[in-house]
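Participant: Show me the folded form of this:
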Amino acid sequence: MNLTALDFVLASKKSEIADLQQLLQMGKLVGAISQLIHLLQQERGTANIYLCCQEDGWCDLLREKIQYAQHAEQTINQQLETLDLTSAGLPNSSRLFSRIAAVLHRLTTMPSLRQHIQTLEVSRSHAMNHYCEVIRTQLALIFEIVDTSGDPSISQALLALFSFMQGKELAGQERALVAAGFAAQRFDASDRQHIIELIEAQERCFQTFSEFADERSLALWQRYLTQTGGEFERLRRIACTGTSASNEPSITAVRWFELTTSRIDNMKTLEDALETVLMECCRQRIDSAEASLEQQEQEIDQMLPHDSDYAALVSPKLSRSVLELVEHQAQRLQMQEEELATLRETLAERKLIERAKGLLMQHHGMTEPQAHKALQNLAMAQNKKLAEIAQAMLEVGTLLEKPTH
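Facilitator: Predicted structure coming up:
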């Protein structure tokens, strides 16, 4: 049987639905990762204070946080078991599966770290870096999922969620670092600089989130910003300037932890709202595509003759109807491609910058904010865009990694 243009029109729509269903599955995975990151952030903050003050109460709380995080890890594994490892349904599946492998490998290192923290056999800075790296690999996986989307509305929802999660992670790092400083009763110059860089990096992430978020989420974020109390800003200012906080630093550390935990819990509420927007968007797009497929099947059934008269099959009237259907689908895909163009440009630039930051972090031991600042300084010095500097750095890095003969 010879395939016709109509067969491929239907195949195109069915393929679109399959891709959307894969994205829905990825959206569920993103939600599970979001929950695990949040619980690891809580565990990290608690561990930081425990390593500084070494009080039994904080050790008990740490055990509780560990149990919550372990439960979330099990949920991640359950989501991953639903994936078809042989499927070619998602673009860039090779990179996606590689990111998943990195996440799973990093999680296998957590039991040893937790044991060393509870027995006080690890430094605060080492524990902090370990937690940050585990969370960073999970965020990298979400960024890879953003890159797999070929639907403009879903891409926008994913990018808003990823940017907000990245900002929330930096807020979590600030909570842990400042809490440890208050508990230790000191902030040295490097700590103060790191805190300032974390604050600046948060603002960059939340700015990107604001560019792509839906109106409801933006309104919720603005309400949270207006509710941020003066006490939080006062303690943050103390940490940034290194001035004396009080005669009872342990109480200050606990108060800071309470205030920032409330702040980050509010962020998690918004993060959950962004996840809901993403899932609604996926389901709406699937419903729309399935309705469109059903309509196309009905139109094709009506336009095709119910006999085998070849002359009828190639009649001018039928040819015009087929052409109109094909052109309509082509126009819709073209419009979708144009909507994706801006998002893809943003994603391409972000990918370059993230890779360049990763290079600096790996080879120079920088934190994420420090790496971003270094790229920013180079861009300003050379009067170039950040993405251009990142591209140049990656090219140099590639040359340096090539074996010499």
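Participant: What segments of the protein are helices?
Facilitator: 5-53, 56-81, 93-108, 110-118, 124-148, 152-184, 189-212, 215-227, 230-241, 249-303, 310-313, 316-364, 368-382, 386-401 (DSSP state H).
Participant: Please work out which of those is packed deepest.
Facilitator: Most buried of the helices of the chain by mean neighbour count (mean count of other Cβ atoms under 10 Å) is helix 152-184; its value is a mean of 24. Bear in mind the C-beta positions are built from the backbone N, C-alpha and C, glycine included.
Participant: which strands and helices sit next to it?
Facilitator: Applying 3 or more Cβ pairs under 8 Å, 6 or more residues apart in numbering; DSSP states H and E, one finds that helix 152-184 contacts helix 5-53, helix 124-148, helix 189-212, helix 230-241, helix 249-303, helix 316-364.
Participant: how far away is residue 39 from residue 162?
Facilitator: 18 Å (Cβ to Cβ, to the nearest Å).
Participant: Model confidence for residue 339, exactly?
Facilitator: Here, the pLDDT recorded for residue 339 equals 63.
Participant: Against residue 215, how distant is the nearest residue to residue 205 once chain neighbours are set aside?
Facilitator: Leaving aside its sequence neighbours, residue 205 sits nearest to residue 167 (Cβ to Cβ, 6 or more residues apart in numbering; 3.2 Å). Per Cβ to Cβ, residue 167 is found 19 Å from residue 215.
Participant: Same question for residue 163.
Facilitator: With distances taken as Cβ to Cβ, residue 163 is found 16 Å from residue 215.
Participant: likewise residue 396?
Facilitator: 43 Å.
Participant: for residue 260, what are its contacts?
Facilitator: Applying Cβ atoms under 8 Å, 6 or more residues apart in numbering to residue 260 gives the contacts 45, 171, 174, 175, 178, 179, 232.
Participant: so the first one makes contact with residue 178?
Facilitator: Okay, so that is residue 45. No - between residue 45 and residue 178 there is no contact under Cβ atoms under 8 Å: 9.8 Å.
Participant: For the stretch 1-150 of the chain, which residues score under the pLDDT cut-off?
Facilitator: For the stretch 1-150 of the chain, the stretches flagged by pLDDT under 70 are 1-3, 86-92.
Participant: er, the stretch 251-400 of the chain actually
Facilitator: Across the stretch 251-400 of the chain, the ranges flagged by pLDDT under 70 are 303-343, 397-400.
Participant: could you redo the last one with a cut-off of 90?
Facilitator: 251-255, 257-258, 285, 288-400 (pLDDT under 90).
Participant: in the protein, which residue is closest to the centre?
Facilitator: Central residue of the chain (Cα atoms, centre = their mean): residue 162, 3.1 Å from the mean position.
Participant: do you know how far it is from residue 103?
Facilitator: 15 Å.
Participant: now do residue 225
Facilitator: 31 Å.
Participant: do the same with residue 395
Facilitator: Per Cβ to Cβ, residue 395 is found 28 Å from residue 103.
Participant: can you check residue 241 too?
Facilitator: Counting by Cβ to Cβ, the gap from residue 241 to residue 103 is 38 Å.
Participant: Could you pull up the residues touching the residue lying closest to residue 178 once chain neighbours are set aside?
Facilitator: With Cβ to Cβ, 6+ apart as the criterion, residue 178 has its nearest non-adjacent residue at 4.5 Å, and that residue is residue 239. Contact analysis of residue 239 by Cβ under 8 Å, 6+ apart lists 178, 181, 182, 187, 191, 192, 195, 256.
Participant: and if we set it to 6 Å?
Facilitator: If a contact means Cβ atoms under 6 Å, 6 or more residues apart in numbering, then residue 239 has 178, 181, 187, 195 as its contacts.
Participant: Same check on residue 72?
Facilitator: Residue 72 touches 35, 36, 39, counting by Cβ under 6 Å, 6+ apart.
Participant: Dump these to CSV, plus distance to residue 386.
Facilitator: Formatted as CSV, the contacts of residue 72 follow (distance: Cβ to Cβ, whole Å):
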residue, distance to residue 386
35, 32
36, 30
39, 32
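Participant: So which of those is the closest to residue 379?
Facilitator: residue 36 (33.9 Å; Cβ to Cβ).
Participant: which residues does the closest one contact?
Facilitator: Contacts of residue 36 (Cβ under 6 Å, 6+ apart): 72, 76.
Participant: how much space between it and residue 182?
Facilitator: 27 Å.
Participant: and what of residue 171?
Facilitator: Residue 171 is 16 Å from residue 182, by Cβ to Cβ.
Participant: Please apply the same query to residue 214.
Facilitator: From residue 214 to residue 182 the distance is 37 Å (Cβ to Cβ).
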